[in-house]
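1. Quick one, what's the 3D model for this:
(2 chains)
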Amino acid sequence: MTQAQVQETANAPALLEEPGIRKWQDYFSFNTDHKVIGIQYLVTTFIFYCIGGVMADLVRTELRTPEVDFVTPEVYNSLFTLHATIMIFLWIVPAGAGFANFLIPLMIGAKDMAFPRLNAVAFWMIPPAGLLLIASLVVGDAPDAGWTSYPPLSLVTGQVGEGIWIMSVLLLGTSSILGAINFLVTLLKMRIPGMGVHQMPLFCWAMFATSALTLVSTPVLAAGLILLAFDLLAGTTFFNPTGGGDPVVYQHMFWFYSHPAVYIMILPFFGAISEIIPVHSRKPIFGYKAIAYSSLAISFLGLIVWAHHMFTSGIPGWLRMFFMITTMIIAVPTGIKIFSWLATMWGGKIRLNSAMLFAIGFVGTFVIGGISGVMLAAVPFDIHVHDTYFVVAHLHYVLFGGSVLGIYAAIYHWFPKMTGRMVNEFWGKVHFALTIVGLNMTFLPMHKLGLMGMNRRIAQYDPKFTFLNEICTYGAYILAVSTFPFIINAIWSWLYGEKAGNNPWRALTLEWMTTSPPAIENFDQTPVLATGPYDYGLENSNEDVPLSDPNPLLSGGPNSVLRAEPDPAVAANPEDRK
Amino acid sequence: MKIPSSIWTLLIGIVLTLASLWYGQNHGLLPAAATDEAVLVDNLFNAMMVISTGIFLLVEGVLIYSAFKYRRRAGDNEDGPPVEGNVPLEILWTAIPAIIVIGISVYSFDVYNEIGGFDPHAIHQAPMNQESMAMPGSAMAATLNDTPPSTEPNLNQEKSDEAMQDPATAEVRNADQIPQLRNAPGVGSVAPTIGGTPDKAGKPAGLQVNVTGLQYAWIFTYPETGITTGEMHVPIGREVEINMTANDVIHAFWVPEFRLKQDAIPGRQSEIRFTPKKAGDYTLICAELCGPYHGAMRATVVVEPEEAFDKWVQEQLVASKETLNQAVAVNPANLSPNEFLAPYTKDMGIQPEILHQVHK
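-> Alright, predicted model coming up:
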């Protein structure tokens, strides 16, 4: 018996006929099972993604022509404000938390999160916060000062809408702080005895870095928003120049969270991609430690780059230089990750299924966003393109091309584990093709628009930009269409898809060593760590590990000499099954 | 004959370098450069484009090549070779990006200095002053503690007081009709921004223009001549200093052809200097979200030869004298800002035909 089989047999729950089966009501209740909560997060945030996406398409429809002819300028401003707020605070950030909830206890062999009730509380803050935000549209006074909500503008536009926005973001921030505490404690305290930090899967490392970053930066945003609420509702003048307040102080407090927020949005998917690429390339991840530590480096550096959003708002000259250099340096750990992923693919046996295609798409588009990020760090150039469509293009390449493609890759990869069924690969590939075409069509022309002089957040623009804006708008429609194959495929496959088996990808991380979907408390007994998380293709060890070993083998990890023998009878490539 | 892979690598490297060098110079992504500073910024951008194109082609090339070359053939259930690290390679690909970003940083630093980012005349950034250095007999160590308080006036304070007292702008800046600025104690702090270039630093600029942003218009006043307009005229070759503030919310001064941008913040003065180079009509755009009609907040900037500029100044002076003497109602000094701005703000952006006028 090979190590992987030993591991799998040892870990699989034996008693349950239909393991992990739950009532549908569980998904609508205050359930404390981390897997239920994870799926609650993912489904809820996906619904918000669709709402935010509709808003994006309304914004793009307005921008199809230079005139203001589709919605009023006030509604236009509300639309892009809500679009950004929803996409950031109700989709990408909580979707990362959703994957972390589902995967972290499974990956480290725990029965559940450290604080299951806190976990459920963190989730149940999201639906009311989201409904509150969307309700502001109904009361007719939606926030329209942009997702940055800079005073004094946010203080002179609608008071109700702005108040709702602050309340909603405060709730969502609280939710992510609670989640972060839970992830940190779970990762630090609940790993199985045999798992040192260097045997943790890279997704766990990424979530560790993300959670630490969330914990340090989110309270500062909360403080800024509370002060803004005082200015708005109680007439204080912290940020209001009328009474001697300083609007630039708000910008510092806002960006102290909101720049790290982009790493909070991208790091979990760096982690997910680091899981997906080795499995589907059938090779160990290249440079495990480099990838793990680069997450921590990004997390630390992410805290000291915020003022690069303020190069034109009047900060001292030397300070601009400091923030330029720190921003540039972040490119180094990010580059390490990208090169390591490429080296992992190099010489592998790549299964080009939907998960891997989205992972490749992630790397390919994220690189473009990363390169334009380095350009934006250069102060003299940033002064030209700040607040233009060049920035809009950059952030969408990072957050759509990075985070959203990462979310899709992760969904396709862990779908069999979450539901016990395979997704339909054909429709997955259609989804991928439409997404890549739509993404590049929408956001690539924006680079040129910004460089040529189109500023962002405007409902009307110079007619000379019409042609490129039309391309962007049609690209946005393709992106909207691209979600339909995904939604239909996900629902259909969940109900009627081919049974997946426990480990359809022949992966080596612990979450694949239990049933699909996993039973209520994940593993029958404490799992045995027989191989490292990425020991693909290693030479066979002749010793079998006894199942009842009182001291589980500790020699796993990337340098383990143990081997996972591919055995078609146990786990063949799903692509070859037919 | 089989070509060795090292030769292929070399050839691909050469092609990649040439392609990057070509594209970096021929991308055509930027509008015309109309100031001396814009040329420097464009050179920086072109250099970054060369490097970016190279990295883009390299990474995407390897990615697509791997995806095709190493894809799994049907029925092949083997694993790939267990290569999981290579220390020299990892050091190499950490070092190369590090060197590239340090290089770009140094170049950016240089350009930033050239366009006046480190204007020494922003005095509160340089606590040591010339007098203390020149005191006879004082040792360096002693100068730090024992110097008498500087007698040199704070130029920033002076300048901002000046701007606030300027008769041409006082009306707009302190108007009762704009509640945000009434009795604002924060008024007068100067945000250090892009100042004079090193060769011109410390010297007064050739032309001063006070700029005020308010929803949704720009007002220009020329303190030397007292002209107030809604259109900015600047002469070629003379360094222009823009002192700006905002009356209500944050606006941002941006002329794409000048490659310069600076927020105009209520309660603060900010400054940029530039030297116009190329004649033409350019559009001044508000780049910071300032409300629903943000997209319509534009003004024309005319860069013209010195003679044409002087002629324009004379015309403006005559016009304002005439109005002062004859038609009091047209004199901006006696109008409330709302009345004065009516032609700029009324219905702005609501009707498409207005938009076309704005976008001349």
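2. Residue A:167 - nearest residue in space that isn't next to it in sequence?
-> Once flanking residues are discounted, residue A:167 sits nearest to residue A:132: 6.5 Å by CB to CB, 6 or more residues apart in numbering or on different chains. For every residue, glycine as well, the C-beta is placed using N, CA and C.
3. what residue ranges in the stretch 251-360 of chain B score low on pLDDT?
-> In the predicted model, the stretch 251-360 of chain B carries pLDDT under 70 at residues B:322-360.
4. for chain A, what are the nearby residues on it?
-> By CB under 8 Å from any CB of the partner chain, the residues of the stretch 251-360 of chain B that approach chain A are B:252, B:254, B:256-257, B:259-263, B:265-268, B:270, B:283, B:285-296, B:349-350, B:352, B:355-356, B:359.
5. Would you map the helices across the stretch 301-450 of chain A?
-> Assigned by DSSP state H, counting those that start in this stretch, the helices in the stretch 301-450 of chain A fall at A:317-329, A:331-345, A:354-377, A:379-385, A:389-398, A:405-419, A:425-452.
6. Compute the inter-axis angle for the last one and helix A:354-377.
-> If you take axes from the mean of the first three to the mean of the last three CA atoms, to 10 degrees, helix A:425-452 sits at 10 degrees to helix A:354-377.
7. tell me the angle of helix A:425-452 relative to helix A:405-419?
-> 160 degrees.
8. in helix A:425-452, what counts as buried?
-> By 16 or more other CB atoms under 10 Å in any protein chain shown, the buried positions in helix A:425-452 come out as A:425, A:427-428, A:430-432, A:434-436, A:438-452.
9. next one: stretch A:494-506
-> A:497, A:500-506.
10. and what of stretch A:189-199?
-> Applying 16+ other CB under 10 Å to stretch A:189-199 flags A:190-192, A:194-195, A:199 as buried.
11. end to end, how far does that stretch reach?
-> 14 Å (CA to CA, to the nearest Å).
12. How about it and chain B, any contact?
-> No: contact of stretch A:189-199 with chain B is not found when judged by CB under 8 Å from any CB; the minimum separation is 12.5 Å.
13. With stretch A:258-273 instead?
-> No: shown here: stretch A:258-273 not in contact with chain B (CB under 8 Å from any CB), separated by at least 12.4 Å.
14. Would you pull up how far that stretch lies from the middle of the chain?
-> Relative to the chain's own centre, stretch A:258-273 is displaced by 6 Å; criterion: CA atoms, centre = their mean, to the nearest Å.
15. tell me which residues in that stretch are buried?
-> Those would be A:258-273, for stretch A:258-273 by 16+ other CB under 10 Å.
16. One more: stretch A:274-285?
-> A:274-285.
17. These in helices, which ones?
-> A:274-281 (DSSP state H).
18. Serialize these to JSON lines and add fields for distance to chain B and pLDDT.
-> Below are those laid out as JSON lines (distance: CB to the nearest CB, whole Å; pLDDT from 0 to 100):
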{"residue": "A:274", "distance to chain B": "13", "pLDDT": "95"}
{"residue": "A:275", "distance to chain B": "15", "pLDDT": "94"}
{"residue": "A:276", "distance to chain B": "14", "pLDDT": "95"}
{"residue": "A:277", "distance to chain B": "10", "pLDDT": "95"}
{"residue": "A:278", "distance to chain B": "9", "pLDDT": "94"}
{"residue": "A:279", "distance to chain B": "11", "pLDDT": "93"}
{"residue": "A:280", "distance to chain B": "9", "pLDDT": "93"}
{"residue": "A:281", "distance to chain B": "6", "pLDDT": "92"}
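19. Residue A:97: which of the residues you listed is nearest?
-> Closest approach to residue A:97 among those (CB to CB): residue A:275, at 16.6 Å.
20. dump the residue contacts of the closest one.
-> Taking CB atoms under 8 Å, 6 or more residues apart in numbering or on different chains, we find residue A:275 in contact with A:201-203, A:413, A:507, A:509.
21. can you rerun that using 10 Å?
-> Contact partners of residue A:275, counting by CB atoms under 10 Å, 6 or more residues apart in numbering or on different chains, are A:99, A:103, A:107, A:201-204, A:206, A:285, A:355, A:359, A:409-410, A:413-414, A:507, A:509, A:511, A:533-534.
22. Filter those down to just the buried residues.
-> So, by 16+ other CB under 10 Å, the buried ones in these are A:99, A:103, A:107, A:201-204, A:206, A:285, A:355, A:359, A:409-410, A:413-414, A:507, A:509, A:511, A:533-534.
23. related to what we said a few turns ago, can you lay out the helices of the stretch 301-450 of chain A as a markdown table showing distance to residue B:226?
-> Output for the helices of the stretch 301-450 of chain A, formatted as a markdown table (distance: least, CB to CB, whole Å):
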| stretch | distance to residue B:226 |
| --- | --- |
| helix A:317-329 | 32 |
| helix A:331-345 | 50 |
| helix A:354-377 | 41 |
| helix A:379-385 | 31 |
| helix A:389-398 | 39 |
| helix A:405-419 | 58 |
| helix A:425-452 | 36 |
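24. Point out the one among those helices that comes closest to residue A:169.
-> Among these, helix A:389-398 sits nearest to residue A:169 (CB to CB), with 18.0 Å.
25. which residue sits closest to the residue of the stretch 101-250 of chain A found nearest chain B in space, ignoring its chain neighbours?
-> Closest contact between the stretch 101-250 of chain A and chain B, by CB to the nearest CB, is at residue A:241 (3.2 Å). Spatially, and ignoring its direct neighbours in sequence, residue A:241 is nearest to residue B:267 (3.2 Å; CB to CB, 6+ apart).
26. In this structure that neighbour contacts residue A:244, no?
-> Yes: Residue B:267 lies in contact with residue A:244 (CB atoms under 10 Å); the separation is 7.5 Å.
27. between these two, which one's more packed in?
-> Legend: neighbour count by other CB atoms under 10 Å in any protein chain shown for residue B:267 and residue A:244, higher for residue B:267 (24 against 15).
28. hmm, back to that, considering only the buried residues of helix A:425-452, which also neighbour chain B?
-> Checking these against chain B by CB under 10 Å from any CB of the partner chain, the ones in range are A:447-448, A:450-452.
29. Run through the residues of the stretch 401-550 of chain A sitting next to chain B.
-> Residues of the stretch 401-550 of chain A that fall close to chain B, judged by CB under 10 Å from any CB: A:447-448, A:450-464, A:506, A:532, A:534-539.
30. what separates stretch A:61-81 from the chain centre, distance-wise?
-> When distances are taken as CA atoms, centre = their mean, stretch A:61-81 is centred 28 Å away from the chain's centroid.
31. how about it, does it get close to chain B?
-> Yes: for stretch A:61-81 and chain B, the contact criterion (CB under 10 Å from any CB) is met by A:65-69, A:72-78, A:80-81.
32. Low-confidence ranges, chain A, go.
-> By pLDDT under 70, the low-scoring segments of chain A are A:1-22, A:539-578.
33. ok, residue A:471 touching residue A:444?
-> Yes: between residue A:471 and residue A:444 there is a contact at 8.6 Å, judged by CB under 10 Å.
34. Quick check: the residue of the stretch 1-150 of chain B found nearest chain A vs residue A:196, distance?
-> Residue of the stretch 1-150 of chain B nearest chain A, by CB to the nearest CB: residue B:79 (3.3 Å). Distance of residue B:79 to residue A:196, computed by CB to CB, to the nearest Å: 24 Å.
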